[in-house]
Structure formats: C-alpha cells, structure tokens
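> Any chance you can model this:
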Amino acid sequence: MSSPNAHSPAVAPLSRAACALRRHPTACAAAAALIVFALVDCASPNFRPDFDPSLGPYGGDFLQEWIGGYIVRTGQAGRLYDEPFVRRLQHDASLIGFEWNEDRYLPMVYPPFYYAAVSPLSLLPMPAAALAWAAIVLLFLIATQVLLARTLAAPAWRTAWLWPCAVLFTPLLENLTSNQKATVLLFLFAATYVLLRRGRSFAAGAVFGLLAFKPQLAILIGAAMVWKRQWRFVLGAAATVLALVLISFGVGIDACRDYLAFSTRTADYLQTAGYDLAKSHCWYGFFHLALAGASDAAIRWASLVAVAATVGVVVWMMSGPLRPKSNRFVAQYSGLVVASLLVSPHLLTYDLTVLLLPAVLLGVELATQEKTHAPIARRLVAAVVVLLLVCNVSTALARACGIQWSVPAMFGLLAGLAAWRRSGRKSET
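Here you go, the predicted structure:
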C-alpha cells in the first residue's frame, strides 16, 4: 500500500528533487552553486549601476586587468608598468566609462603574458568586460567542483551540498565580489592534483606551469617535484613556462625588463601606502603586523625563520617515495598547498579561497579512504573546519589584537598533516 503522502503536492517536488540529486549529483550541485554565487555577485555593491566611486572602481579590481589588456592590445606594452601612465588611464572617464576615487590606483603586478591573455576583454566597454570577467571567475569555481566530483572517493551525491555552502567562506565571497582570480588558482591547483592522481604527470606539470602568473605560489611545489625527481611533471611545467616566456617576449622586451625589475621589489610591496596588513595571511605579513614598530631587519629575520620552519615541516612530510595514487599523497599535496600560501611574500584574504581544495581533499577524500588511522583523519578534518572558521573572522581579529590568526592556524594544520603522513607510512595503499 502506498503512503498517503506519496502523491502529496508538497512532497512530490521534494521527491523529484531528491531523485534528481542522486541521479545527477554533480550537475545539480553545479547548478545550485552557480545560482548561489551569481546572486552574491548581483548583490555586490561593486556591480551595481549606483556603485560608490569613493570605495573603488566599478567591477572591483578587474580594472587593472582591463587597462593592462588595453595597453597591450593598443601597442603600448612598453608602458605597461609605467605607474604615472597607468594611473592616468585608470582615471580617464572617457576611456573606462565612469569616475572613481582619484587617490586610489591599481598597480600592474602580473607578467606580460597575463595581460596579453586578458587583452580580448578590453574590446568590450569596461563595465561589460567586468561582468564578463565575473562570469569567468565563477565558471572556474564550478569547473573545480565538477572536476573534483569526478575524482573524489566519496559518492558525488554525498558531497553535492559542499560547494553551494562555500558561500559561507568569507575569502571566497571577497574573491567573487572584488572580481579577483583566486578561483582560477583553485582550479589550477585542483587540476594538477587530479592529473597527478590519474598518473598523467606531464599534463599535470603543464597545467601547473600556468601558475606562472603568480609564481610565488608555484615555487614550493615546483621545488618539491624536482626534489622527488618527478621529471615528467617538471618537463610539463617547463614547457608551459617556456611558452609563456615566449609570449611575454612577443608582448615586448621592455615590458619583460620592467616586470623583472618590479619582481625584485615584491618584498617591499607590503610597505606600500594603503596596504591593509590585517588582510595579509602569509608569514611575512604576519610579522609585519605582529612586530609593528620593529626594524625591517627584525621583521625579515623572523619571517625567514618561520619560512624555514615551514619548509622543514614540508621536507619531513615529503620524505620517502612520492606515490600520487596513494592515500598519503592526499595529505602531502594538501600540505604543499597550505605551505605555498604561508611562504608567499604577499597573500591577501581572497587568496585563501585556495584553502577550499585541501578542505575538500581532507574532509572527503582522506576521511573516506583512510581506515587504519581514522581517529587521526577525524582530527585533521576538525583542524580544517577550525581553520576555515578562523579565516572567516581573522581580519577582524587582526585589527582588534594585531595578530593574524589564520597564519598559525595554517601552520598547525600543516604540522598535523606531516604527523599523519609519518604515522601512516605502513598503511599506504
């Protein structure tokens, strides 16, 4: 006998939705995430016609991409890193279509090949291009979700709710509303992991090489792969980087020279007027805030010691053969991602979006597969949850007490991953 509620008008849609979720979990989750984050973008003051020009330009930080692409497209690449010239263009209302705070300026901080890649967007009016870029940033997030859903050990329907709920993660919200690129970084790190797990080392390296637009985030993993003699990965990364260098030369030798000169000054970027240290989440930013008033030498030495300690934990975690198809690799790769954020000389809140990858890998992949050391795996999952919660409030805490708590929280997770990796050596699958 059928239940009296089986055909109830209120129950039938829920039943159909549950059925659809089980049959097509990835597609349903992607659609839900797309809707949720599209609504977030629509609600952002950066995308409203009546945006506040005193806070920043329309479309958030995308203006520097649009101006950089415009400079390259119009044959003026030799002035790509000319601050007075770029500042003048960024405040030319006849060019960008609006006026905004004359006291603010978005510097060109990416390699020439990056601005060549985004230059087609400058064919659109700046406001329309900003909306197109917001859609691209969102699609990279959805692509990451789909890619991982097809790789994770857990059934997709059990994890379908994770990505729509990522709207609760403040760094991701800030990335979307400010039109930043952390979802691109998230996708590249995720694609590298997936390809390594599938045994496609050269392709993984080729994808990883695309991180050259933010090279400070690629150094640690690249060095680890050289140390572990993953030569196919290294060759793939080298091939991509070589292609990007050639594209940069095609943009202009002067632009390449100016970018290299800028790169040598990145350690001083935190001292730029208006830089918000409460939003800095790396060791260097941590000590700039915690040791405010101390000498530059003291801050740099403290940062070097912390970076050395981080590298030491990574070496401990990565000792022994590297087997990308083993359970240990889940923890190792997650640790490499976290460590890459810590040792970067410059890292802002929206960049913490990348932490969603180790959160998913540890919370789903490791917790699902690891049986022998289940209590340790559960503690690692708890540590990830604590880290995400800390990141949500760390900026406010940093302003209140002068300590950026996300940094020791990330280091604590890294140490926990290293301890798990060492304790689980005999349980490798």
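> Could you find the closest non-adjacent residue to A190?
T144 (4.8 Å; Cβ to Cβ, 6 or more residues apart in numbering). (C-beta placed from N, C-alpha, C; glycine too.)
> Now the helix or strand harbouring that neighbour: buried residues?
When secondary structure is defined using DSSP states H and E, the element that contains T144 is helix 126-149. For helix 126-149, the neighbour count (16 or more other Cβ atoms under 10 Å) marks 126-127, 129-131, 133-134, 137-138, 140-149 as buried.
> State the number of residues packed around F187.
Using other Cβ atoms under 10 Å, F187 is surrounded by 23 other residues.
> Any regions of the stretch 251-400 of the chain where pLDDT drops low?
Applying pLDDT under 70 to the stretch 251-400 of the chain flags residues 266-274, 365-377.
> Next one: L124 from A132, what distance?
6 Å (Cβ to Cβ, to the nearest Å).
> Ok, K228 next?
As judged by Cβ to Cβ, K228 and A132 stand 40 Å apart.
> Can you tell me which helices and strands the longest helix seen in the chain packs against?
Using DSSP state H, we find that the single longest helix of the chain is helix 374-401. Contacts defined by 3 or more Cβ pairs under 8 Å, 6 or more residues apart in numbering; DSSP states H and E place helix 374-401 against helix 170-177, helix 356-360, helix 367-369, helix 406-423.
> mean pLDDT lowest for which of those helices?
Least confidently modelled of the helices and strands packed on helix 374-401 is helix 367-369, at a mean of 59 by mean pLDDT.
> And stretch 302-318, what's buried?
302-303, 306-307, 310-311, 313-314, 317-318.
> Go through those and flag which are in strands.
In strands, defined here by DSSP state E, there are no members of these.
> all helices for the stretch 201-350 of the chain, in order.
With DSSP state H, counting those that start in this stretch as the criterion, the stretch 201-350 of the chain has helices at 201-208, 219-227, 231-251, 253-263, 283-290, 296-318, 327-343.
> how about those helices in TSV, adding distance to E99?
Output for the helices of the stretch 201-350 of the chain, formatted as TSV (distance: least, Cβ to Cβ, whole Å):
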stretch	distance to E99
helix 201-208	40
helix 219-227	40
helix 231-251	29
helix 253-263	28
helix 283-290	32
helix 296-318	37
helix 327-343	36
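> which one of these lies closest to F113?
Closest approach to F113 among those (Cβ to Cβ): helix 231-251, 4.1 Å.
> now the closest one and helix 219-227, what's the angle there?
Put simply, helix 231-251 runs at 130 degrees to helix 219-227, going by axes from the mean of the first three to the mean of the last three Cα atoms, to 10 degrees.
> So which other helices or strands are in contact with helix 231-251?
Contacting helix 231-251 under the criterion 3+ Cβ pairs under 8 Å, 6+ apart are the following elements: helix 112-118, helix 201-208, helix 219-227, helix 253-263.
> Nearest to S344 among those helices would be which one?
Nearest to S344, of all the helices and strands packed on helix 231-251, is helix 219-227, at 8.6 Å by Cβ to Cβ.
> Tell me which residues of that closest one come out buried.
By 16+ other Cβ under 10 Å, the buried positions in helix 219-227 come out as 220-222, 224-225.
> between the helices and strands packed on helix 374-401, which one is nearest to Y193?
helix 356-360 (7.2 Å).
> Could you tell me which ranges of the stretch 101-250 of the chain sit under the pLDDT cut-off?
Residues of the stretch 101-250 of the chain meeting the criterion pLDDT under 70: 153-161.
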